[in-house]
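Enquirer: Build me a model:
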Amino acid sequence: MKQGCIAVLGGSFDPVHNGHVALGHYFATLLVPDELRVIPAGQPWQKDGLQAAPEHRVAMVQRAFEQLAVPVCVDEQEIHRDSATYTIDTLRTLRAELGPDASVAFLIGADQLQQLHTWNEWQRLFDYAHICAASRPGFDIDAAHIRADVSREFARRAATPEQIRNTPHGLTYVATNLSVDISATQIRKAFEHGEQANSLIPPGVLDYIKLHHLYQN
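Expert: Next up is the predicted model:
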């Protein structure tokens, strides 16, 4: 692929919700990438089994991001992987596909940033991508709430959106003005108890969940 900027958003998306969309929209606006690559997880090693089948999660992601201002590609590589899902393997695969010069910006929320030190080969992530993190209510991203080695890496690699767009990998950006507090666990519990979750999920995703009777006892 020719040199460009690709924003990458991974997750279980069980189900995809307005918090995921807000994160994708924020960095699509900030970085103006050539593409947002959304990657539903296959077998995330740090989570218990997923409730919705892969084909449902892919379909929900397609509906959630269909109105985004940049091209969106749903990448199923992790779903088709036979082994546990590690971000480092996904980024290696993406780098091999996109070539050495493309800018790859991996997007995470504050909850993931707080746990980054537990990820497999987390320091090596910078060899393949930039890491862009965004705040989330209840998950502080100041030095007091991020492990010291992660905080140091983010501080020394801090860059502007323009630098991230024009550099292949190795930089960081932390957004502190995104404040959407939604979790997939919260949504699944609402459905299990017959409660409304209309304000938490894109309309197309809500229609899909109801049509296929997902997350219901």
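
Enquirer: what residue ranges in this protein are flagged as low confidence?
Expert: The chain contains residues with pLDDT under 70 at 1-3, 44-48, 136-144, 179-181, 217.

Enquirer: where exactly do the helices run in this protein?
Expert: Ranges of helices within the chain are 18-31, 54-64, 87-98, 110-114, 148-156, 161-165, 184-192, 203-212, based on DSSP state H.

Enquirer: I'd like the distance between the residue lying closest to Ile201 once chain neighbours are set aside and Gln43.
Expert: Spatial nearest neighbour of Ile201, chain neighbours left out: His17 (5.2 Å); criterion: CB to CB, 6 or more residues apart in numbering. Quick note: C-beta positions are derived from backbone N, CA and C, even for glycine. Taking CB to CB, to the nearest Å as the measure, His17 and Gln43 are separated by 21 Å.

Enquirer: what are the C-alpha coordinates of stretch 112-127, in PDB please?
Expert: Extracted in PDB, the C-alpha atoms of stretch 112-127 (Å, rounded to 0.1, in the frame of the first residue of the first chain):
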ATOM      1  CA  GLN A 112      -6.700   0.100  28.200                       C
ATOM      2  CA  LEU A 113      -3.900   2.600  28.800                       C
ATOM      3  CA  GLN A 114      -4.100   1.900  32.600                       C
ATOM      4  CA  GLN A 115      -3.500  -1.800  31.700                       C
ATOM      5  CA  LEU A 116      -1.000  -1.400  28.900                       C
ATOM      6  CA  HIS A 117       1.900  -2.700  31.000                       C
ATOM      7  CA  THR A 118       0.100  -6.100  31.100                       C
ATOM      8  CA  TRP A 119      -0.100  -6.500  27.300                       C
ATOM      9  CA  ASN A 120       2.200  -9.000  25.600                       C
ATOM     10  CA  GLU A 121       5.400  -7.200  24.500                       C
ATOM     11  CA  TRP A 122       3.800  -3.800  25.100                       C
ATOM     12  CA  GLN A 123       7.100  -2.000  24.600                       C
ATOM     13  CA  ARG A 124       7.400  -3.500  21.100                       C
ATOM     14  CA  LEU A 125       4.100  -2.000  20.000                       C
ATOM     15  CA  PHE A 126       6.000   1.200  19.200                       C
ATOM     16  CA  ASP A 127       8.100  -0.600  16.600                       C
END
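
Enquirer: in that stretch, what counts as buried?
Expert: Judged by neighbour count (16 or more other CB atoms under 10 Å), stretch 112-127 contains these buried residues: 112-116, 119, 122, 125-126.

Enquirer: And stretch 91-108, by the same measure?
Expert: 91-95, 98, 102-108.

Enquirer: swap in stretch 202-214?
Expert: 202, 204-206, 208-209, 214.

Enquirer: who does Ile39 bridge with?
Expert: Beta-bridge partners recorded for Ile39 (DSSP bridges): Gly10.

Enquirer: Can you give me the distance of the residue nearest to Pro202 when sequence neighbours are not counted to Glu162?
Expert: The shortest distance from Pro202 to any non-neighbouring residue, by CB to CB, 6+ apart, is to Ala64 (4.7 Å). Ala64 sits 28 Å away from Glu162, going by CB to CB.
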